[in-house]
Every structure is written in structure tokens, then in C-alpha cells.
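K.L.:
Provided below for reference: sequence and predicted model.
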Amino acid sequence: MICLIDLSAIFAQSWHAAGPEAQGAGYDGTLTAINRIANANPRNVAICCDSPTNWRKVLEPTYKAQREKAPATYYEQLTRVKQRLVRDGYLLWTCEGYEADDVIATATDAALESGHEVLIATSDKDLLQLVADKVHVLRTHTWETWDIPKVVEKFGVQPARLGMWLALVGDKADNVPGCPLVGPKVATSLVTDYPSWPALWEAVNTPPGVMPTAAGKQSAVGLNLRTYKTQVELAAKLVALRFDAPIEFKEIFAERTVVLPATEPGGDDMPHDLGAIHDAIEEKAAEMAKPDPSVNHNHEPVYRAQEVAVSPVVLPAPASVGVLTPQQVLNPMPAPVTALAKPSAPDLGAMFGSDMRPTKMDGCWWLARRLFESNLYKRFPNAEAILAVMLTGLELGLNPMEAVAPGTFHIIQGAPCPGAHLLIAKAMRSPDCEYFQLLESTEETCTYVTKHRKHPEPTKLTLTRVEALKAPGLNMAQWNGRPALMLRKMTGVQLARIVYPGELAGLYAQEEME
């Protein structure tokens, strides 16, 4: 399986979902989404990026011109995302003069030629043109995977004819003109009846034209198609996908290594000797940037003429063609925006006590970000998840590093669940607990006793294996392997919950969950 991720679409989605006032939300949301996709498809992943200039803007200067100019923070965060992805070992493809759509189309063709299936992750509907038997699109705004029947259900046409449908309807988001009076339903009808541009234009120019009135006269739709033919032809070129982006497809199969970050994205760096890390980044970047002499990048532009050609005019070649190297990603040229001032380093002494426990929320959040950046805690999808586990751990008397250690918490049904022994220990630390003692433990029965200081008598609980196994959602693999241990855990937690309910409120042991 080849996984191709549309970075621009995912970043824009994360940025606009959070709003510009949410500092760092575009960065965090994008990395969370990409890690979610890549973790499900861990091999042969490529991140495809837009070039600042592209052939569509050369063809039509008003292409996407109506969009509001993004603020400096947008580009600053997008640059940091790219740098982080390179450090994480991802392959980034950016071809000067091409949009990510064209890079993805080129890579999809190469993957199919080499016998691979393809998953494209994007929210851009233009890429649905590529859907085929072995090509699926993960719509990242809904997390639905689209196949051929799904495209047909939504648009009423086959994916191979979707470019024609898009050109007729137009796209206000990209400032792509369509044909007036041609909406989705009319476009579906036209593409169904005339599945190619030559067939459609021949019908338009043959009286009484397409979709004639009941009296057999030319319809308004037919008249508009004749009037706006040049505009529709331009739209067809703009929505067309190019398949000649100068990528070296075999790069996607190369082994990749993770490089520890030299800087913290937010600027709150800890002082380190970064010489070795910098050298490792430069060495890896130089290795990845070596050109392949067997690949010829001087070929003519190509596109699928049988599906998108509307006139003999050939799509324009980009002004300049090339693939950005990892050095260019890690050390990009200054963007045409004002760079943000780098925040000063944090006062760690003010955020942490001598035992390294955070003394305020800033310390927890800073540490959660640092741990997520380290790439050592990939079982957590984002820094917010690490923060949630830290705070739950603090409630149980753990320091942050104990809380995030493997085995301390398990993420079950989207929530951090501690081990049973942690919940029993929390009950034992209650000021109301005089003692909490194990009396008997076998594979078939277990007895605990505890004394609440405000209760006149101790409370004893005996649980048999048969009774314990009646609980729903148990992990039977654990029970089959170590029944006596599991029975002790279940009995202790149940007694703690009965006698000290306030201590365990809202907490469930991972042994109680499926």
C-alpha cells in the first residue's frame, strides 16, 4: 500500500478549524492527523506539498486569487510542520511549479504501474478523479474512505469523468469558472449523456442542442454552453491533474530514520549540545538529496488527453521544475511575510519543584510538548493526550514521568485507564484508610480487608473467580494467563471502590475494561 498525504489540505483544515487565535493549533492538529494516517499505514508514506508558484496560476492569474491572504503565523506554522515531518523521518515531495494534487497524481500513476494499491489522504474533491479499483481516497474532514461506488453515489458520474463534471459546475473556493445555469444535477445529466468533451460540444452545436425545451427549441443551458465555451475550457484545464511532476518515486521505499529535534517548535528550548544532532540532520539530508542519474527530468509535460483535453492547447510547463531537498525544508528561504519573534526560553525553575513535579499548569504543558516532540511516546496521538495522562497521574500521586511510562496508563475507549494496583494504592493513601490488607489469594478465590477510620468495623470482601468473570468487557487473555493476579486486582479495586468511593470517582482500572 502506498499512502500519499496532501499536506496543504490537512494543514488548512486544521488551521481554520481551530482559528488563528489558537496559537499552535494548526501545527498540533496537522501532526495529529498525519500521525493518525501514518500509524494505520506505517510503510511507504509520502507527504505531498504545494509549490508557492504553480502552472495553474501561470495559466490563469485569478486562480485562487479571491482567497484572503493568510497571516504570518499561518506560514510560520506550516514551515514548522514541514521541519518536524522531516525530523520524524517522513518523505516530503515538493516540486516547483506544481501543486500537491499533481504530485499525488504522478505518484499514483507510478504506484499503479509498479503494482501497488494507493490510499490518498486529502479533503480536496479534485483528487477524487484518481479513485479506481486500487485507488481510494481518505476524506480527512470526515475520515471516510471513498471508493468508486461512493464517488458515483455523490456525483452521479464515474471518477474518470469527474474532471468534466467539476469544470461544468466550477469551484468558487478555487475561483474556477464554470458554466452559468449548470449546477450539480445538470452537470451529472450532461456528463452521463455526453461522456467526453468532443461529444458534448458536437451536441451543443447541433440544433436544437443539448437538453432542448419541450417545444424542441434550444434550451438556456445549451445557449450558455455555446456562449461560455471558452470559460468552460479554461475550467477544464484548471481542474485537470498533471502526471509529470519530477519526483523519484522509488524514494518512497527507502528506509527512514528519526532525528531528535534540535529546537522546540514553540521556541521554548532547553539548552543542549546540538552539534551531533545538527550533523545527523545534515548527513541524512545530503544522502536523501543525491540525484538519481537513471531518472530523466527533462521530459515534456503530460496529461490525460482523452479525459481532460478540451482543445489542441497544451497545458503550460511550470516556470521552473525541481524537487525541494530536505535541506531546503529544514532551512527554508525567508517567506514574504514578517517572521515571528522567537519567544524567550522558559524559566524551568519557576515551573518545576526540586522533585521535578510541575508547580503550575505551564510546567505540565511545556513538559507534555517536549515529550511529544521527542518521538519516544508515539502511543499518544498528541501533546494534549500526554497532558491528560500527566494530570490523571498527579491525581494518583505520580510524577509526570511515572504517569507516561509504558504500562502505567492504558488508553482505552479514548480515556486513560490506570492499572488496578494504582487504584488500590490511591485508596491506601486516603487519610481515612487505617489499613488495606490481602488475606487470601488463590486462582479460585481472593479476600481483602480494609478499615475505614470513620467506620466502627473493618470491611471484608471475598470474590471468587466465577463471580469476577461475570463482569462485562474483561480482557480474557490476561485472565487465562495469570488468573490469581487478575483476581487479586479485581477484588482489591472493588473493595476500594466500595469503602473509598470518593478516592476512585471517575477512575476505572484497565483490567476492568476491554
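P.N.:
Everything's here; your move. Numbers count the residues shown, from 1 in each chain.

K.L.:
Going by C-alpha atoms from here, please, whenever you check contacts or count neighbours.
P.N.:
Fine.

K.L.:
Would you map the helices across the stretch 1-150 of the chain?
P.N.:
7-18, 25-40, 55-59, 72-87, 100-113, 148-155 (DSSP state H, counting those that start in this stretch).

K.L.:
buried stuff in the shortest one?
P.N.:
Neighbour-count burial for helix 55-59 flags 55, 56, 59 (criterion: 16 or more other CA atoms under 10 Å).

K.L.:
Now pLDDT too, for the residues you listed, in a markdown table please.
P.N.:
Converted to a markdown table, these look like this (pLDDT from 0 to 100):
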| residue | pLDDT |
| --- | --- |
| 55 | 93 |
| 56 | 91 |
| 59 | 90 |
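
K.L.:
Going by distance to residue 512, which of these wins?
P.N.:
Checking these against residue 512 with CA to CA, the nearest one is residue 56 at 57.0 Å.

K.L.:
Assign a three-state SS to the closest residue to that closest one other than its chain neighbours, would you?
P.N.:
Leaving aside its chain neighbours, residue 56 sits nearest to residue 238 (6.1 Å; criterion: CA to CA, 6 or more residues apart in numbering). Assigned by DSSP: H, G, I helix; E, B strand; the rest coil, the conformation of residue 238 is helix.

K.L.:
Residue 238 reaches residue 177, doesn't it?
P.N.:
No: contact criterion CA atoms under 8 Å: residue 238 and residue 177 do not qualify, at 9.3 Å.

K.L.:
Of these two, give the one with the bigger neighbour count.
P.N.:
residue 238 (25 against 22; other CA atoms under 10 Å).

K.L.:
What separation do you get for the more buried one and residue 448?
P.N.:
As judged by CA to CA, to the nearest Å, residue 238 and residue 448 stand 73 Å apart.

K.L.:
quick one: pLDDT of residue 16?
P.N.:
In this model, residue 16 is scored at 80, pLDDT.

K.L.:
residues touching residue 419, list them.
P.N.:
Residues counted as contacts of residue 419 (CA atoms under 8 Å, 6 or more residues apart in numbering) are 407, 408, 409, 410, 509, 510, 511.

K.L.:
where does the stretch 201-350 of the chain have low pLDDT?
P.N.:
Flagging of the stretch 201-350 of the chain using pLDDT under 70 yields the residue ranges 259-350.

K.L.:
50 instead, please
P.N.:
For the stretch 201-350 of the chain, the stretches with pLDDT under 50 are 261-313, 320, 332-344.

K.L.:
For stretch 484-502, give me every contacting residue.
P.N.:
The contact list for stretch 484-502 (CA under 8 Å, 6+ apart) reads 420-421, 423-424, 427, 441-450, 452, 459-465, 468, 478-479, 503-504, 509, 511-512.

K.L.:
Could I have the buried ones of those residues as ChimeraX selection syntax?
P.N.:
Burial among the contacts of stretch 484-502 is assessed by 16+ other CA under 10 Å; the matching ChimeraX selection reads:
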select :420,421,423,424,427,441,445,446,447,448,449,450,452,460,461,462,463,464,465,468,479,503,504,509,511,512
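
K.L.:
other SSEs contacting the helix or strand containing residue 366?
P.N.:
Assigned by DSSP states H and E, residue 366 belongs to helix 361-373. With contacts taken as 3 or more CA pairs under 8 Å, 6 or more residues apart in numbering; DSSP states H and E, helix 361-373 sits against helix 348-351, helix 383-395.

K.L.:
Pick out the shakiest of those helices, pLDDT-wise.
P.N.:
Lowest mean pLDDT within the helices and strands packed on helix 361-373: helix 348-351, a mean of 63.

K.L.:
about what we covered before: output the buried residues of helix 55-59 in CSV; the columns should cover distance to residue 244.
P.N.:
Conversion of the buried residues of helix 55-59 to CSV gives the following (distance: CA to CA, whole Å):
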residue, distance to residue 244
55, 12
56, 14
59, 17
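
K.L.:
List just the nearest of the residues you listed to residue 68.
P.N.:
The closest of those to residue 68 turns out to be residue 56 (CA to CA; 18.2 Å).

K.L.:
just checking, that closest one touches residue 240?
P.N.:
No: Residue 56 lies out of contact with residue 240 (CA under 8 Å); the separation is 9.7 Å.

K.L.:
Report the outermost residue of the chain with respect to its centre.
P.N.:
Distance from the C-alpha centroid of the chain, by CA atoms, centre = their mean, peaks at residue 456 (56.7 Å).

K.L.:
what's around residue 132, how many residues?
P.N.:
For residue 132, the neighbour count with other CA under 10 Å is 18.

K.L.:
Against residue 108, how distant is it?
P.N.:
Here the criterion is CA to CA. By it, residue 132 lies 10 Å from residue 108.

K.L.:
same question, residue 457
P.N.:
72 Å.

K.L.:
what does residue 441 give?
P.N.:
Distance from residue 441 to residue 108, counting by CA to CA: 60 Å.

K.L.:
cool, residue 409 as well?
P.N.:
40 Å.

K.L.:
Residue 417 too?
P.N.:
41 Å.

K.L.:
residue contacts, residue 183?
P.N.:
Applying CA under 8 Å, 6+ apart, the residues contacting residue 183 are 168, 169.

K.L.:
Kindly report the same for the one 5 residues further on.
P.N.:
With contact set as CA under 8 Å, 6+ apart, residue 188 has these partners: 155, 156, 157, 165.

K.L.:
Give me the pLDDT for the nearest residue to residue 257 once chain neighbours are set aside.
P.N.:
Residue nearest to residue 257 in three dimensions, not counting chain neighbours: residue 89, with 5.1 Å by CA to CA, 6+ apart. pLDDT recorded at residue 89 is 87.

K.L.:
what does residue 133 give?
P.N.:
So, for residue 133, pLDDT stands at 94.

K.L.:
Just give me the neighbour total for it.
P.N.:
Residues lying near residue 133 (other CA under 10 Å) number 10.

K.L.:
That one contacts residue 146, doesn't it?
P.N.:
No: when contacts are counted by CA under 8 Å, residue 133 is not listed as touching residue 146 (11.0 Å).

K.L.:
quick one on the thing from earlier: kindly compare burial across the helices of the stretch 1-150 of the chain and name the winner.
P.N.:
helix 100-113 (a mean of 22; mean count of other CA atoms under 10 Å).

K.L.:
tilt between that one and helix 7-18?
P.N.:
Interaxial angle, helix 100-113 versus helix 7-18 (axes from the mean of the first three to the mean of the last three CA atoms, to 10 degrees): 130 degrees.

K.L.:
ok now helix 100-113, how far from the chain's centre?
P.N.:
Centroid separation between helix 100-113 and its chain, computed with CA atoms, centre = their mean, to the nearest Å, is 19 Å.

K.L.:
What's the mean pLDDT across it?
P.N.:
Mean pLDDT, helix 100-113: 95.

K.L.:
helices or strands up against it?
P.N.:
With 3+ CA pairs under 8 Å, 6+ apart as the test, helix 100-113 has strand 2-6, strand 45-49, strand 91-94, strand 118-122 packed against it.

K.L.:
Next, format these as a markdown table and append mean neighbour count.
P.N.:
What follows is these, written out as a markdown table (neighbours: other CA atoms under 10 Å):
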| stretch | mean neighbour count |
| --- | --- |
| strand 2-6 | 26 |
| strand 45-49 | 23 |
| strand 91-94 | 25 |
| strand 118-122 | 25 |
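
K.L.:
May I see these organised as a markdown table, with distance to residue 372 added?
P.N.:
As requested, the helices and strands packed on helix 100-113 are arranged in a markdown table below (distance: least, CA to CA, whole Å):
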| stretch | distance to residue 372 |
| --- | --- |
| strand 2-6 | 21 |
| strand 45-49 | 20 |
| strand 91-94 | 20 |
| strand 118-122 | 23 |
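
K.L.:
So which of those strands is nearest residue 65?
P.N.:
With respect to residue 65, and counting by CA to CA, the nearest of the helices and strands packed on helix 100-113 is strand 45-49 at 19.1 Å.
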